[in-house]
Each structure stands twice: as C-alpha cells, then as structure tokens.
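Visitor: Prediction below, plus the sequence it came from.
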Amino acid sequence: MGMISVELPEELTEPVERKASELNVDVARFVAAIIREKLKMPVAIGDLEVFVPADIAEFERERAEGESDEDFEAAEEMYGALFTAALR
Amino acid sequence: MEGDNPPIDRGDFVWTNFPTREEPAAPSVDRHIALCLRRFRSADKGYALVAVYTTSQSRRDRPKAQGEIEVTAERAVEYGQRSAFRIDVRRVAVLPISPDFFPDLEKPGHGIQGRSAHLADAAERLLRQIIAQTPELVEFLGPENVLRSVFGRGRRRT
C-alpha cells in the first residue's frame, strides 16, 4: 500500500464516507476504486486481473450443455461475485 | 447473427483482441488466442464470452505459477496450436462477440483454432479455487448470500 494524504473538499467528505459505509469498505479502498475507474486501470482482485464491461449485469449466463442445476448455480454465483467485485 | 447462436462457445480456443492493462475496456491491436469459458446473452446487446488468456512464450526458465494450466506440445496440436502453451486463468476478460474483439469472426472458421470442453472445465475449476483462496475478494464485495454460498464466509464487518 502506498501512502498519499489528500484533502477533500468539505462537500465530498460526508458522501464519500457514507458511500463507503454502504458498500462496507473502508474509505481508502473506495477512493482507490474511483481512481482505478477514472484511470481505466484493470481491477486486480487478489491474483486475478479482470476485464469486465460496465454493462455486464445486463447479460445472462447461458447454461452449458449437460450442466446440472447445482453446477449452473455454483458457476452463476462465482461469476456474479467476480463481476461484482470487478466493477467496484 | 441476430437471433442465431454465435459460432463461438465454451471450450473454443479462438483468436481475440484480448484487452491490455493499458486499455482494459478496448480491444487490443494484437491478436491473441484465448480460451472461452462461458457465454452470456443480453436481451438487447447480443452475446459476450468470458475468456482467459493463453501464452505460448517459452516459460522454461519459470516454473508454472498458480493459476496456470500447462499444455504440452503434443496436446497443443489437438487445439490447433503449434507449440506448448499455458492457459492463464488469472487473466479474465468478458468480450462482446463482435469483430472488434474477435477479428476473424466473419471469416470461415470464425478464428476458432481448436476446442476442449475439458480444458474449459479445468480452467473454470481453477478460477473458482483461486477466488476461494483470495479472501480479499470476498471481504467487502458481493451480495451476502453469494459470499456465504461460494466462499463460505460473509463480508467483514468494520
């Protein structure tokens, strides 16, 4: 983690803290996500480098041939969590 | 292609313009073979594919990393490739199915170099495993029920 101290305009302080709280992330992580989005940097999630279009939530996953309900649900959840993480 | 299933699907090794770190939302200018894992469909935006990166660069001097699947030269031929390569599931992209991201889409064969549902299964399993082992992914993000069912834990309370 690098350390940079910044002063935010007064009117931003409360919304930033509130939004970070809603997302259950600390403020530094939330600000980092905004910067990453603005700089068009890929999201690194642990060991993963993920490239996801912003409208991915509008797509539905197709069931693979012969895929069981259990496998379908598991994959659905995995990709859902991955995309959610990548977009924040 | 409107109304029809696109020609590229799960398990296909296909030529792509896989995005780069510098321009993660745009097709790159370089062609790269990717392995397609899953196809997604939108009501009004067509199709997209989740794909992972492959590399054929010589890695003899570097041991296989976690998140890589090594394919030998003998097996590589089955997938339309001339030399040994690695599938790197740590590099994941969702690519709209269009000529921008699939440069040979409109050509005969659609740029598909080979196919292996088995390797797509293996890559997806490995991806799931890596995500499960990466707690920083799940501490903050994702719906609670998803976190619990997929990763066996809820989000961290601060």
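Guide: Nice, thanks for sending it over.
Visitor: For chain A, which helix or strand comes out least confident on mean pLDDT?
Guide: Within chain A, no helix or strand scores below strand A:43-45, which has a mean of 62 by mean pLDDT, DSSP states H and E.
Visitor: what about the closest residue to residue B:39 other than its chain neighbours, how many neighbours?
Guide: Nearest residue to residue B:39, sequence neighbours excluded (Cβ to Cβ, 6 or more residues apart in numbering or on different chains): residue A:62, at 4.8 Å. C-beta coordinates here come from the backbone N, C-alpha and C atoms, glycine included. Residue A:62 has 16 neighbours, counted by other Cβ atoms under 10 Å in any protein chain shown.
Visitor: So, low pLDDT: which residues of chain A?
Guide: For chain A, applying pLDDT under 70 flags the ranges A:1, A:22-25, A:29, A:33, A:36-38, A:40-46, A:87-88.
Visitor: change it to 80
Guide: Applying pLDDT under 80 to chain A flags the ranges A:1-2, A:19-26, A:28-30, A:32-47, A:54-58, A:77, A:81, A:83-88.
Visitor: With chain B instead?
Guide: In chain B, residues with pLDDT under 80: B:1-4, B:21-25, B:57-66, B:132-158.
Visitor: how does it look with 90?
Guide: Residues of chain B meeting the criterion pLDDT under 90: B:1-5, B:19-26, B:42-45, B:55-68, B:72-74, B:77-83, B:90, B:127-158.
Visitor: the helices in it, which residues?
Guide: Taking DSSP state H as the criterion, chain B carries its helices at B:73-76, B:117-132, B:135-138, B:144-146.
Visitor: go on, chain A?
Guide: A:10-23, A:27-38, A:69-86.
Visitor: Please identify the deepest-packed of those.
Guide: helix A:69-86 (a mean of 18; mean count of other Cβ atoms under 10 Å in any protein chain shown).
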